[in-house]
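> The sequence isn't on hand, but the structure is:
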């Protein structure tokens, strides 16, 4: 089965998912979903990433709108402390959400939302983020235009996330197991 011309194969474009576990905690990248549009992406994100773990908010952004740069890529560009100069020096300034990965400790979380910057393009936003959020040192940066981010509705937060709070999550080891019984040989 092939995709229609001009349409990616699979179940639609890829959307990055950011989940906030509790009020006051940052949104964190938790994975991605494939969906036709932002509303569908939020519903898919809720089903996949907020069914059992606690959540109070979800954001989604088209994966193709996310500028993702690692410390190694910045170092290869010649200056570990600055983003390379790209042609995004003209146009109207806009807000960008800044996400940073600072540790390898939690494998499930790639990046944490650390704040916002205003810039004329994603590379200028990255340069501003490096200056605005220098500590702790970043292993990777994600820069997302805020206008491309869709959020779960605040007015429906209880309906969206409360049902998952009542569901208990058990590790596989919490379920009882039985040892296989051996057959005794006759004779």
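Good, I have the coordinates. Given the structure is predicted, the values throughout are model-derived calculations rather than measurements.

> CA atoms for contacts and neighbours, from now on please.
OK.

> Buried residues in stretch 45-65, which are they?
45-46, 49-52, 54-63, 65 (16 or more other CA atoms under 10 Å).

> give me the number of residues near residue 114?
Counted with other CA atoms under 10 Å, the neighbours of residue 114 add up to 16.

> cool, and residue 120?
Neighbour count for residue 120, taken as other CA under 10 Å: 17.

> Thought residue 93 was touching it, still the case?
Yes. Counting by CA atoms under 8 Å, residue 120 touches residue 93, with 4.2 Å between them.

> What is the helix or strand hosting residue 128 packed up against?
Residue 128 belongs to helix 122-132 when elements are defined using DSSP states H and E. The helices and strands touching helix 122-132, judged by 3 or more CA pairs under 8 Å, 6 or more residues apart in numbering; DSSP states H and E, are strand 94-101, strand 112-119, strand 140-145.

> Minimum distance to residue 77: which of those strands has it?
Residue 77 sits nearest to strand 140-145 of all the helices and strands packed on helix 122-132, at 14.2 Å, using CA to CA.

> So which elements touch the closest one?
With contacts taken as 3+ CA pairs under 8 Å, 6+ apart, strand 140-145 sits against strand 67-70, strand 94-101, helix 122-132.

> which parts of whichever helix or strand comes after the first one are buried?
So that's strand 67-70. Downstream of strand 67-70, the next assigned helix or strand under DSSP H and E is helix 71-76. By 16+ other CA under 10 Å, the buried positions in helix 71-76 come out as 71, 74.

> hmm, back to that, can you put the helices and strands packed on strand 140-145 in a markdown table and add mean neighbour count, mean pLDDT and distance to residue 31?
A markdown table is the format used below for the helices and strands packed on strand 140-145 (neighbours: other CA atoms under 10 Å; pLDDT from 0 to 100; distance: least, CA to CA, whole Å):
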| stretch | mean neighbour count | mean pLDDT | distance to residue 31 |
| --- | --- | --- | --- |
| strand 67-70 | 17 | 93 | 14 |
| strand 94-101 | 23 | 96 | 14 |
| helix 122-132 | 21 | 94 | 21 |
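
> Switch the ones you listed over to CSV; also include distance to residue 37.
Formatted as CSV, these follow (distance: least, CA to CA, whole Å):
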stretch, distance to residue 37
strand 67-70, 20
strand 94-101, 20
helix 122-132, 22
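
> what number of residues lie near residue 147?
Neighbours of residue 147 under the rule other CA under 10 Å: 11.

> hang on, the earlier thing: nearest to residue 17 among the helices and strands packed on strand 140-145 would be which one?
Closest to residue 17 of the helices and strands packed on strand 140-145 is strand 94-101 (CA to CA; 12.3 Å).

> hmm, who's touching the closest one?
Here strand 94-101 makes contact (CA atoms under 8 Å, 6 or more residues apart in numbering) with 110-122, 125-126, 129, 138-147.

> just to revisit the earlier point, please name whichever of the helices and strands packed on strand 140-145 is nearest to residue 153.
Minimum separation from residue 153 across these (CA to CA) falls at strand 94-101, 18.5 Å.
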